[in-house]
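Q: predicted model and sequence below, questions to follow.
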Amino acid sequence: MNARAWHCAVALIVLLLGFGNGFAQGFAGLGTDAEGFSVPEAGKQFQFPRDHGSHPDYRIEWWYLTANLTGPDGADYGLQWTLFRSALAPAEAEGWESPQLWFGHAAVTSALTHRATERFARGGTGQAGVTAEPFAAWIDDWQMAGDSFDRLRLTATGTDFAYDIAMHAQGPLVLHGDHGYSVKSAKGQASYYYSQPFFAVEGTLTLPEGEVPVHGTAWLDREWSSQPLAQDQAGWDWFSLSFDTGEKLMGFSLRDIVGGSFTSATWIGADGSTTSYGDGNLVATPLETSRVDGRDVPTRWRLALSDRALDVTVGALNTQAWMGLSIPYWEGPVRVTGTHPGKGYLEMTGYEPR
Amino acid sequence: MTGAILSALASHWRRNRLQLLTLVIGLALATSLWSGVQAINAEARASYDAAAATLAEGRFDQLLPRDGGFIAQELFVELRRAGWLVSPVVEGRLRVGDTMVRLVGIDPLTAPPGSTASAALDRTDLADFLRAHTLVAGPETEALLVANLPNPALRNTAVAPGTVLADIGVAQKLLDRTGRISRLIVLADQPLHQLPLAAIAPDLMLQRADDASDVGRLTDSFHLNLTAFGFLSFAVGIFIVHGAIGLAFEQRRSMVRTLRALGVPLRRLIVLMVLELVSLATLAGALGIVLGYFIATLLMPDVAATIRGLYGADVAGTLQIRPAWWLSGMAMALGGALLASASAVWRLAQMPVLASAGGRAWALASGRTRKLQAAVAVVLLAAAGALAVAGNGLIAGFALLACLLLGAALALPSCLAAILRLGEGQAARAMAQWFWADTRQQLPGLGLALMALLLAMAANVGVSTMVSSFRLTFTGFLDQRLSAELYVNADAGTDRAGLERFLAARADALLPVMSVDATLAGLPAEIFGARVGYTYRENWRFLDAVPAVWDEVEEGKAVVVNEQLSRRAGLRVGAMLALGPELSLPVAGVVGDYGNPSGQAIIGEALFRQVFPDIVPVRYGVRTSDPEGLRRALVDEIGLRPASVVDQAALKAFSMSVFERTFSVTGALNVLTLAVAAFAILMSLLTLAAMRLPQMAPVWAMGTTQRRLAGLEILRTVLLAGVTAALALPLGLALAWVLLAIVNVEAFGWRLPMYLFPAEYIRLVLFALAAALLAALWPAWRLARMEPTALLRIFANER
């Protein structure tokens, strides 16, 4: 078996766990029920810092950080650091018996290059994990940690890049949906979902051409669930945008296989106040596709939210920001123009090669 | 027209069914031996590849504990967290039923792509592998697991025979090694930043991928020998085919002339004849591959046992049909047939339309051909001589073999002719003179068959000599090296001091085995510390040594090296060997070492402990007069696992059983090659029989009875076979010498002393004579029972 097939095999465990259902292509009806795992319910009160840590009773969980950065010459960069947890069973155990699997993705994007890499680990040995207090999330030598959730240091290395940045929260945590209960389909699938979108960051990127001091903003998403997507959902387009006004928008569109979609959005005021918008309020329209890894991926979008008089065009900084990993997807920094200019990140999954 | 030509061509085979049989069976036999041997080699290679992939040896760097013990699991995590992309492996022997298997535990999440699990696990198995404690093994081992263990088992041919793959957690539990790791595979692509190894894990050493032992290379020589055997057998077969095809073409000269006179274009005729040949060769090749498969199936278990015993490499005892060998078998059949027919086709193409259809041209190969053969033979033998003196490397060794064998085969007709002329000169009576002259007359017709016999005999003599010499040397070596009655492994976790006290009290002598990997004279080698005592003094035989060599070693004044190190580094007795930055000792002795391919140096125990204070013995040789009692005491009182106490007698018995198996392989191949040669003789005699009648009839007409003529025929064949076998003896010994003194040195680094086995040779000569006698019986019987009218008709029909 070659390297690619091997990675596919690893990706398939992920699929079996249900986590990747919407993430990779295809469903095959895998893992669409909860199988003994806890299921998110409306009305839960988050307990911090405990809920910054992991929830092994739930099938899938992630700590998902993206950053829009600027170099000394004004050049734009994007940075991604993600730790995924994926459970084979709703339990935790010592050593190799642990049913918890972890994997990390890291990437650095510039207008011309995109570098990405991944790591895999088993729970129970200490190779990867998350502790709530003091907060630390790690896999191998990659780490996001600090005395509090508001001050974190983030590191990762690949074969051809590395980064080391400090992050300082400038605003409060933001809960999506109904106090953090975020509905993902008309059939009621849901997750717990909160964010820290107010990080100011400063640090260094190590690239083949040398070290680049950078500064900018970062957005950390926290989400856990046991029901992935509905069987008829094919993939998603996820936007996290920071406007020059200080306001922010989280919005996603879950595409179903017959061409419809389920949308959801959170409008975040500059002070952290939130307004949730249910299905149909946010309208996301692909304007232009790019050929990436044998697929046609929309890298230019029109986004409209009439309640906020928002009508913007979202375009990729680098259309080739393809995460060619075990689970391939598109993830990269975007520029926003129109009624609300700004910057942000776009993630797109479920685009099949053709 | 094509149909008519084909029917005319086929009519020849209808009339000469025996000839057709010769062609097809000769080619089939040749192909079968070749593809059989190739099948065995392909199977063994596949097993090595699977082993390499399963164990990730060779392709990846590895981190190993310096002291040969285990790595704590926490260290794996520390390394990962310091930026080292390493993947843990735990391995050990596990008893399953009555069999020991090698259990390899891996972590599929960190295992490098293209290794280990990736070779053996496909996607659907992975979750089960992690959660259901599934064991993965090849077909034979899987059946064993299903019968003996509760774990679910999965069959996968990518896993090496005798090996079981499991998740590391499962393996740790089964091996009772929770929290311990045997080694760490270092992935090829490492991140930009990582802490230096010495800062995290000073007790681990990095073994480069190239340094790891390569079973494939080690066993190459064995397979080269097998391949040489297969090739030789094929050459023997091609001699038969060449004869059969040459005869068929010769006999069809008149038909060709007639067809061409009727207006058939030469080109079309030749194309059709070649097509006819190709289809016959395809048929014969297919037959041969089927036969080869059966030969290989019969030999495979013995070959597998031999390789396992000699090299410790596990090879599947069963055969899979792989394209590599059946394709090569088919290619050899077609190529061989075309090669064998090339000269016949060429002569046909050159033949003038109105040439006489002289059938005797073939039988009476001109003196010129023989002279040419003799000249080529002289050149080849000279080349062999030059290669023996100046050649270097394994390839030169095999080129030497090829030159020697081919040269000798081509020289055979001239040698036989000279001997027969000598006999003719001695003969006084007319009948005797006719016998000698007529025998000489048969030479061209029988020549190819006799060459086949010569090669078969020589191969048998050579290989028998080599294998027997190897056995003699190796058993002597085992006696020397395994002189202690018991060997005790001190596993990690054994109370070593307690064990030493116990053994010192109970045993006659205790010989700790201490060794450390080192680089000596720029080559990877091992340094051993020896507790010099009567065991060493009495048992060890040196290839070369100073007097009182063990005294010098005991006092730490000198070092003993094995032959491998001596040859590779050019170290003779008296030369200085640097054992470390500040330690150089003179070589006091060179000792033959037939058990391993790497270099070794032996120093005294006191010196060893002084230079390598960290190294503790992992094995002890124990001299005792009551091995069984002590063995039981070690298991019952000290609590050693029974597998940790090895009885020398058992070890030696095992080694000997390996040789017995090697012998059965060699014996089977001996019989097969002789059978092929005997078949060649039979076919030559049968085809000659009809053509010889014109020469026999006058002798019969002058009053010699058919019975007597038949007796003379048998005598003639046995005489020729006897002379050929006698000539094959020196050739076989030369072959053995090349195998032992050249090929072996190039392959292993040590030279085997050559021993002679006259009884064995007499047996082989008798075999050859018996084969010739059997081959001659039927044609002679046919001659004796022939209707006199058939002989009379000769005088009417003689062309």
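A: Alright, I've got the coordinates.

Q: model confidence at B:Ala747, what's the number?
A: The score at B:Ala747 is 62. That number is its pLDDT.

Q: and B:Leu774, by the same measure?
A: pLDDT at B:Leu774 comes out at 84.

Q: what's the answer for A:Asp296, then?
A: Note for A:Asp296: predicted pLDDT of 93.

Q: now the helix or strand hosting B:Phe767: buried residues?
A: Remark: B:Phe767 resides in helix B:758-784, with elements defined by DSSP states H and E. Within helix B:758-784, the residues that count as buried by 16 or more other C-beta atoms under 10 Å in any protein chain shown are B:761, B:764-765, B:767-769, B:771-773, B:775-777, B:779-780, B:783-784. Heads up, the C-betas are built off the backbone N, CA and C, glycines and all.

Q: one more: stretch A:194-205?
A: By 16+ other C-beta under 10 Å, the buried positions in stretch A:194-205 come out as A:194-199, A:201, A:203, A:205.

Q: B:Ala558 contacts B:Pro586, doesn't it?
A: Yes. Counting by C-beta atoms under 8 Å, B:Ala558 touches B:Pro586, with 5.3 Å between them.

Q: more neighbours: those two, which one.
A: Taking other C-beta atoms under 10 Å in any protein chain shown, B:Ala558 and B:Pro586 do not tie; B:Ala558 has more neighbours (25 against 15).

Q: chain A versus that one, what's the distance?
A: Distance, B:Ala558 to chain A, using C-beta to the nearest C-beta, to the nearest Å: 50 Å.

Q: look up phi and psi at that residue.
A: With angles defined as degrees, to the nearest 10, B:Ala558 sits at phi -150, psi 170.

Q: could you do B:Val622 as well?
A: With angles defined as degrees, to the nearest 10, B:Val622 sits at phi -120, psi 120.

Q: ok, it - contacts?
A: The neighbours of B:Val622, taking C-beta atoms under 8 Å, 6 or more residues apart in numbering or on different chains as the test, are B:484-488, B:503, B:507, B:509-511, B:630.

Q: please repeat the previous calculation with a cut-off of 7 Å.
A: Each residue near B:Val622 by C-beta atoms under 7 Å, 6 or more residues apart in numbering or on different chains is listed here: B:484-486, B:488, B:503, B:507, B:510, B:630.

Q: which members of the residues you listed occur in strands, if any?
A: The subset of these located in strands under the criterion DSSP state E comprises B:486, B:488, B:510.

Q: now do the second one against chain A, distance only.
A: For B:Val488, the distance to chain A equals 32 Å [C-beta to the nearest C-beta].

Q: tell me the SS of whichever residue of the stretch 51-200 of chain A sits closest to chain B?
A: Nearest to chain B in the stretch 51-200 of chain A, going by C-beta to the nearest C-beta, is A:Trp96, at a distance of 2.6 Å. Here A:Trp96 takes the helix state, with states given by DSSP: H, G, I helix; E, B strand; the rest coil.

Q: thinking it is in contact with B:Lys173, fair?
A: No. Counting by C-beta atoms under 7 Å, B:Lys173 is not a contact partner of A:Trp96; they are 8.9 Å apart.

Q: pull the distance from the longest strand along chain A to the chain's centre.
A: As assigned by DSSP E, the longest strand anywhere in chain A is strand A:190-207. Centroid separation for strand A:190-207 versus its chain: 10 Å, with C-alpha atoms, centre = their mean, to the nearest Å.

Q: mind listing what's buried along the next helix or strand after it?
A: Under the assignment DSSP H and E, the closest C-terminal helix or strand after strand A:190-207 is strand A:210-225. Neighbour counts using 16+ other C-beta under 10 Å place A:212, A:214, A:216-225 of strand A:210-225 among the buried residues.

Q: now, which of those sits nearest chain B?
A: When the buried residues of strand A:210-225 are ranked by distance to chain B (C-beta to the nearest C-beta), A:Val212 comes first, at 13.9 Å.

Q: the closest one - nearest residue in space that isn't next to it in sequence?
A: Computed as C-beta to C-beta, 6 or more residues apart in numbering or on different chains, the closest residue to A:Val212 that is not its neighbour in sequence is A:Leu205, at 4.5 Å.

Q: ok, the one you found touching A:Asp76?
A: No. Here A:Leu205 does not reach A:Asp76: they are 12.0 Å apart, not a contact under C-beta under 7 Å.

Q: what secondary structure does A:Gly332 sit in?
A: Assigned with three-state DSSP, A:Gly332 falls in the strand class.

Q: A:Ala186: which of the ones in strands among the contacts of B:Val622 is nearest?
A: The shortest approach to A:Ala186 among the ones in strands among the contacts of B:Val622 belongs to B:Val488, at 72.3 Å (C-beta to C-beta).

Q: got the contact list for that closest one?
A: B:Val488 is in contact with B:619-620, B:622, B:634, B:640, B:644-645, counting by C-beta under 7 Å, 6+ apart.

Q: repeat that with 6 Å
A: With contacts defined as C-beta atoms under 6 Å, 6 or more residues apart in numbering or on different chains, the neighbours of B:Val488 are B:620, B:645.

Q: is it bridged to anything, and to what?
A: Legend: beta-bridge partners of B:Val488 under DSSP bridges are B:Tyr620, B:Val645.

Q: neighbouring contacts of the longest strand of chain A?
A: Contact with strand A:190-207 is made by A:40, A:67, A:108, A:161-171, A:173-176, A:180-184, A:211-216, A:218-225, A:248, as judged by C-beta under 6 Å, 6+ apart.

Q: strand partners of that strand, parallel vs antiparallel please.
A: strand A:162-169 (antiparallel), strand A:174-175 (antiparallel), strand A:181-183 (antiparallel), strand A:210-225 (antiparallel).

Q: got the CA coordinates for the longest one in PDB?
A: Extracted C-alpha coordinates of strand A:210-225, given in PDB (Å, rounded to 0.1, in the frame of the first residue of the first chain):
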ATOM      1  CA  GLY A 210      13.500  32.900   6.300                       C
ATOM      2  CA  GLU A 211      11.800  34.100   9.400                       C
ATOM      3  CA  VAL A 212       8.900  36.600   9.000                       C
ATOM      4  CA  PRO A 213       7.700  38.600  12.000                       C
ATOM      5  CA  VAL A 214       3.900  39.000  11.700                       C
ATOM      6  CA  HIS A 215       1.000  40.600  13.600                       C
ATOM      7  CA  GLY A 216      -2.700  40.400  13.100                       C
ATOM      8  CA  THR A 217      -5.900  38.800  14.500                       C
ATOM      9  CA  ALA A 218      -6.900  35.200  15.200                       C
ATOM     10  CA  TRP A 219     -10.200  33.400  15.700                       C
ATOM     11  CA  LEU A 220     -10.500  30.300  17.800                       C
ATOM     12  CA  ASP A 221     -13.600  28.000  17.300                       C
ATOM     13  CA  ARG A 222     -14.600  25.400  19.800                       C
ATOM     14  CA  GLU A 223     -17.100  22.800  18.800                       C
ATOM     15  CA  TRP A 224     -18.100  19.300  19.900                       C
ATOM     16  CA  SER A 225     -20.900  17.000  19.000                       C
END
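
Q: whatever helix or strand comes next after that strand: partners in the sheet, and parallel or antiparallel?
A: Sequence order places strand A:233-243 as the next helix or strand after strand A:210-225, per DSSP H and E. In the sheet, strand A:233-243 lines up against strand A:248-256 (antiparallel), strand A:342-348 (antiparallel) (DSSP bridges).

Q: run through the stretch 551-700 of chain B and note the low-pLDDT ranges.
A: Applying pLDDT under 70 to the stretch 551-700 of chain B flags residues B:594-597, B:641-644, B:650-666, B:668-670, B:672-673, B:676, B:687, B:690.

Q: quick revisit: which of the contacts of B:Val622 has the largest number of neighbours?
A: Among the contacts of B:Val622, B:Val488 has the most neighbours (other C-beta under 10 Å), with 28 neighbours.

Q: neighbours of the nearest residue to A:Gly269 once chain neighbours are set aside, how many?
A: Of all residues not flanking A:Gly269 in the chain, A:Glu247 sits nearest, at 5.9 Å (C-beta to C-beta, 6+ apart). Residues near A:Glu247, counting by other C-beta under 10 Å, number 18.
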